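Trainee: got a predicted structure here, sequence first:
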Amino acid sequence: MEEASVIEAPRLNDLLSLDPYLTDHKADLNLRYSRYADWVQKLQDAGHSLESFSRGYEEFGLLNKTDGSQVYREWVPTARAVSLVGDFNDWDPMRHCCQQKEYGAWELVLPCREDGQPRVPHGSRYKVCITTEAGESIFRLSPWAKYTACNKEENVYEAVHWHPAAAESYEFQHGHPCKTGPAPSALRIYEGHVGIASPEGHVSTYSYFTESVIPRIAHLGYNAIQLMAIMEHAYYGSFGYQVTSFFAASSRFGTPAELQRLVDVAHSHGLVVLLDVVHSHASKNVLDGLNQFDGTSTCYFHGGGRGEHSLWDSRLFDYSKWEVLRFLLSNLRYYMETFRFDGFRFDGVTSMMYHHHGIGTGFSGGYHEYFNMNVDVDALAYLMLANDMLHTVYPGVITVAEDVSGMPGTCRPVAEAGLGFDYRLAMAIPDKWIKYLKEERDDDWNMGNIVFTLINRRYGEKVIAYAESHDQALVGDKTLAFWLMDAEMYSNMSVVSELTPSVDRGMALHKMIRLITMGLGGEGYLTFIGNEFGHPEWLDFPRVGNNESYHYARRQWNLVDDSLLRYKFLNAFDRGMQLLDKQHDFLSAPQAYISRKHEDDKVIVFERQGLVFIFNFHPTKSFADYTVGVHAGGKYMVALCSDAGEFGGHKRVELSTPFFTIQQPYDDRSCSLKVYIPSRVALVLHKVA
């Protein structure tokens, strides 16, 4: 890595004690910390703290003042001239010209009208007109615009000034959990997408999600919602990952007030709400995006090839720029303050951290992959600044990194030279399940390999485990339930029809895969909207290739609500899993002790937080009086059984039967007990005496 003056992270030894192998890379760890500390010092020298610097949304963009006047500020460093145009001045670029200020900023003060009302009224359209270095006049949306709407005639998004009267604004009724208390001890995340939340063939709304989906999430026992595709994106089919307006909550789902109410109602149900934030790249759109805002390619982004993501066809931020950091940090703060989100899932962290963006790169876990010239130290510094700011201002905030590489220190405090995240997504787990279902016969499933994949994480760094998310359901792939049962989901899911071998197998493995992922895979758990009940098929947004169809861009709640369909059993089991953690808090406990992974029997046994998890993946063999080693002697009862009748099972296990240990060591455990464990069944026991 490049040479630089180095400041040692004050608590680096804490990280090194967790992973002594990092000692050889102490210089690299201190370099990343030094880049972060250098930014903190620069801010202090300029009279800023991270707290004040992250309030840029109160200084930039079009702002209303209490006296009825308005101020417009914009950073356009290469401009010759800047003016504000819109409905309010008949789009005349000569009538309201900005004055040039220091450091590339431009400012316009708009006195109120004679009637005392703002000159740019609520709901009116506006743009910024920029005279470029080359003398060309271009029209752009303000990067700080807080509301944009699609002009359907021109198929382009336009900025709309959003400052409703007090009587029309939403007034929060409930507290902001991340400000008033600690985060949940472990996360049970329900990943949602507002647009697909309805069974109808159209884009759904914030209001529908609030009224119809949040109660379902609360009933299932989840404690967190993760919302995708909230930041405005002109192309619906991008799933929200091609952001065009960063400060604008998507208008296709409703108004900002309706999103505020969604979050507030979620809080009333005891749910924290995370935003899927995209700071790894931006849409290439020019007319309604951030690209070429000042007529150049380098205003907010790197120039040349470094500013382009070849796979995503998008622009890449230059994290070394003062105003880019202000923009992104303020973006986080805006969503926390305006909508009262409780944290973020940071998308594309792997792409941010490496100059190669993870393209064509496999990560084996070797330390040479993390400490070399391919690491983008500026991006690491931004992530450290973001996490430091968020965790300082909001004691209960939650941040999750979408990283496939396993970068050391991702989920360790900034003072240890970590990036400061609370969790990382365990992205290898769903890939493993898809691989097994696609390529392996059930008889060939390797118990040791399954266990290794589930526990392969860095000690002291928490992860969110999941069997599938939105990624696995996108067009070109399909949900786990559809991989398991395929076309029979159309014909054999009725309780009045014969339980076919395919559906029997599919339902059994759907439950087992989810439970072992939750029990062994991490310190948090995630499911994607609808997949908890085995939603069939896949996700595909309206596009030319599917005749603009919404058929696969919706959630068929009628399937789980129909008492004559078997989807209700999968839904009930998912609820059983969430309530098991709610009662026993095993997700927040240390990693499980695995006492058995038997290849011939296809049995896996582990203990966590006093619970004994027993899985029999064998397709045909059931075991009577199967010996299971346990740590603590006493009386055990069934806490959860995938074969129970309420979960669509065959009721082969008597749920009221007590299990008593004997003082006979087994599998390196001090005691043992005997259980009946049928084929393709998961059993969880808890000690009662």
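Mentor: Good, I have the coordinates.
Trainee: state the distance from the spatially most central residue of the chain to G534.
Mentor: Taking CA atoms, centre = their mean, the centroid of the chain lies closest to R345, which sits 3.5 Å from it. Going from R345 to G534 by CB to CB, to the nearest Å gives 24 Å. Bear in mind the C-beta positions are built from the backbone N, C-alpha and C, glycine included.
Trainee: ok, W39 next?
Mentor: 47 Å.
Trainee: out of those two, which sits in the busier spot?
Mentor: G534 (27 against 22; other CB atoms under 10 Å).
Trainee: is that one in contact with T479, as I believe?
Mentor: Yes - counting by CB atoms under 8 Å, G534 does reach T479; the two are 7.3 Å apart.
Trainee: got any residues that touch both of these two?
Mentor: Shared contacts of G534 and T479, defined by CB atoms under 8 Å, 6 or more residues apart in numbering, are absent.
Trainee: flag every buried residue along stretch 39-48.
Mentor: 39-40, 43 (16 or more other CB atoms under 10 Å).
Trainee: ok, stretch 619-632 next?
Mentor: 619, 623, 626, 628-630.
Trainee: strands of the stretch 351-500 of the chain, residue ranges please.
Mentor: Secondary structure of the stretch 351-500 of the chain (DSSP state E, counting those that start in this stretch): strands at 398-401, 423-425, 463-465.
Trainee: quick one: contacts for G648?
Mentor: 507, 566, 568-570, 573.
Trainee: do that again at 10 Å, thanks
Mentor: 495, 499, 503-504, 507-508, 510-511, 566-570, 572-573, 642 (CB atoms under 10 Å, 6 or more residues apart in numbering).
Trainee: pull out the buried members of the residues you listed.
Mentor: 503-504, 507-508, 510-511, 566-570, 572-573, 642.
Trainee: which element, helix or strand, includes the residue nearest to N331 when sequence neighbours are not counted?
Mentor: Excluding its sequence neighbours, the residue lying closest to N331 (CB to CB, 6 or more residues apart in numbering) is F246, at 5.1 Å. Using DSSP states H and E, F246 sits within strand 245-249.
Trainee: given that strand, what are its sheet partners and their directions?
Mentor: strand 231-232 (antiparallel) (DSSP bridges).
Trainee: name the surrounding residues that touch the partner strand.
Mentor: 141, 145-150, 157, 240-252, 275-279, 282-283, 288-289, 331, 335.
Trainee: tell me which of those residues fall in strands.
Mentor: 148-150, 157, 245-249, 275-277 (DSSP state E).
Trainee: now those residues as CSV including distance to L15 and pLDDT?
Mentor: Below are those laid out as CSV (distance: CB to CB, whole Å; pLDDT from 0 to 100):
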residue, distance to L15, pLDDT
T148, 42, 98
A149, 47, 97
C150, 47, 95
Y157, 44, 96
S245, 38, 98
F246, 32, 98
F247, 35, 98
A248, 38, 98
A249, 37, 98
L275, 28, 98
D276, 28, 98
V277, 25, 98
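Trainee: which one of the residues you listed is nearest to I225?
Mentor: Ranked by distance to I225 (CB to CB), the ones in strands among the contacts of strand 231-232 are led by L275 at 9.8 Å.
Trainee: find the nearest non-adjacent residue to that closest one, please.
Mentor: Per CB to CB, 6+ apart, closest to L275 is F341, 4.7 Å.
Trainee: need the contact list for the one you found.
Mentor: 176, 178, 225, 227, 230, 259, 263, 266, 272-275, 277, 332, 334-335, 394, 397-398.
Trainee: same question, F647
Mentor: 507-508, 511, 568-576, 640-641.
Trainee: using CSV, write out every CA atom in the lowest-mean-pLDDT helix or strand in the chain.
Mentor: The helix or strand of the chain with the poorest confidence is helix 470-473; it has a mean of 81 (mean pLDDT, DSSP states H and E). Listed next in CSV are the C-alpha coordinates belonging to helix 470-473 (Å, rounded to 0.1, in the frame of the first residue of the first chain):
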residue,chain,number,x,y,z
HIS,A,470,-33.8,-11.2,-2.8
ASP,A,471,-30.7,-12.2,-4.7
GLN,A,472,-31.6,-15.8,-4.9
ALA,A,473,-35.1,-15.1,-6.2
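Trainee: which other helices and strands contact that helix?
Mentor: Helix 470-473 sits against strand 187-193, helix 428-439, helix 480-485, strand 524-528, with contacts defined as 3 or more CB pairs under 10 Å, 6 or more residues apart in numbering; DSSP states H and E.
Trainee: my guess is R216 contacts A266. True?
Mentor: No - contact criterion CB atoms under 10 Å: R216 and A266 do not qualify, at 11.9 Å.
Trainee: tell me the mean pLDDT for stretch 120-139?
Mentor: The pLDDT scores in stretch 120-139 average 97.
Trainee: in it, which residues are buried?
Mentor: 120, 125-132, 138.
Trainee: biggest separation within the residues you listed, which pair?
Mentor: So, those by CB to CB: farthest apart are V120 and T132, at 24.0 Å.
Trainee: now L640: how far from E646?
Mentor: Relative to E646, and taking CB to CB, L640 is found at 11 Å.
Trainee: between the two, point out the one with more neighbours.
Mentor: L640 (24 against 14).
Trainee: who's in contact with that one?
Mentor: L640 makes contact with 511, 515, 519, 573, 576-577, 579-580, 583-584, 611, 613, 647, 655, 682-686 under the criterion CB under 10 Å, 6+ apart.
Trainee: of these, buried ones?
Mentor: Buried, going by 16+ other CB under 10 Å: 511, 515, 519, 573, 576-577, 580, 584, 611, 613, 647, 682-686, out of the contacts of L640.
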